[in-house]
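A.B. asks: sequence first, then the predicted structure:
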Amino acid sequence: MEITWYGHACFRLRERDVTIVTDPYDSSIGYKLPRIRADIVTISHDVPDHNHAQGVRGNPKVLNGPGEYEIKGVFITGIPTLYGRKRGTPKERNVVFVFEFQELTVCHLGDLAHVLTQSQIEALSDIDVLLIPVGGGEILDAGQAAEVISLLEPRLVIPMSYRTKETTLKLAPVSSFLKTMGRSRPPVQDVLKVTRSKLPEETQVVLLQCKQ
């Protein structure tokens, strides 16, 4: 499998004959969405920085709600959670997506803002690669992200939705997350290429270069 990060919560997951793009954004957050094609697009949160499906080429199938799907040999489960942490404000829906490929299971937490409940954790067992927000504000901060990781015990963790030089969003840098996890900064990889045989025994954090 090949995983490419395009900034914020947007990734391309590519394996053999299927390409999935998660949470494509519009230009309002500073990033510029590249010209990418996909068979499937998933939308975790119906806001411009996560729902710009029209920016993805190839006439993809768009998934934006909870449910179970099978498309091009990939089993996809959408699990509803809540977005937003301010008291007194209406809570919006966030959808966590789990992708079961032939060899690997990838979980994209979208705009998750709360530590997962026990029932949600049980629905997210055996995650190989976890794509997790870490920037704080209205989404998981470093401490909450570390707690979610300890509950899910994935083999690989790819942080997302944190401050970079491209984004205008007010988020914490990834260094805050790494410090909370007690990890030194790993080398930044251009693209992650992973197979089941190459998965580490213990949880490992991977930093990806933002492709702009």
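C.D. replies: Received, thanks. Numbers count the residues shown, from 1 in each chain.
A.B. asks: how about residue 50: what's its closest non-neighbour residue?
C.D. replies: Distance criterion CB to CB, 6 or more residues apart in numbering; nearest residue to residue 50, sequence neighbours excluded, is residue 23 at 4.3 Å. In short, each C-beta sits where N, CA and C put it, glycine included.
A.B. asks: and for the one you found, the neighbour number?
C.D. replies: By other CB atoms under 10 Å, the residues close to residue 23 number 27.
A.B. asks: for the one 4 residues further on, same thing?
C.D. replies: Close neighbours of residue 27, defined as other CB under 10 Å, add up to 12.
A.B. asks: that one: what's it in contact with?
C.D. replies: Contacts here follow CB atoms under 8 Å, 6 or more residues apart in numbering; on that basis residue 27 touches residue 33.
A.B. asks: ditto for residue 101
C.D. replies: 1, 13, 15, 18, 73, 74.
A.B. asks: would you mind measuring from the third one to residue 128?
C.D. replies: Right, residue 15. Relative to residue 128, residue 15 is positioned 12 Å away (CB to CB, to the nearest Å).
A.B. asks: identify the contacts common to those two.
C.D. replies: Shared contacts of residue 15 and residue 128 (CB under 8 Å, 6+ apart): residue 104.
A.B. asks: residue ranges with poor pLDDT in this structure?
C.D. replies: 83-91 (pLDDT under 70).
A.B. asks: swap in 90 and give it another go.
C.D. replies: Along the chain, the model assigns pLDDT under 90 to residues 16, 46-48, 81-93, 117, 119, 123, 125, 137-138, 212.
A.B. asks: the helices in it, which residues?
C.D. replies: Taking DSSP state H, the helices of the chain run over residues 118-122, 142-152, 174-181.
A.B. asks: other residues contacting the shortest one?
C.D. replies: If I follow you right, that is helix 118-122. Looking at what lies outside helix 118-122 - CB under 8 Å, 6+ apart - the contacts are 79, 81, 96, 151, 152.
A.B. asks: just checking, residue 61 touches residue 74?
C.D. replies: No. With contact defined as CB atoms under 8 Å, residue 61 does not count as touching residue 74 (10.7 Å).
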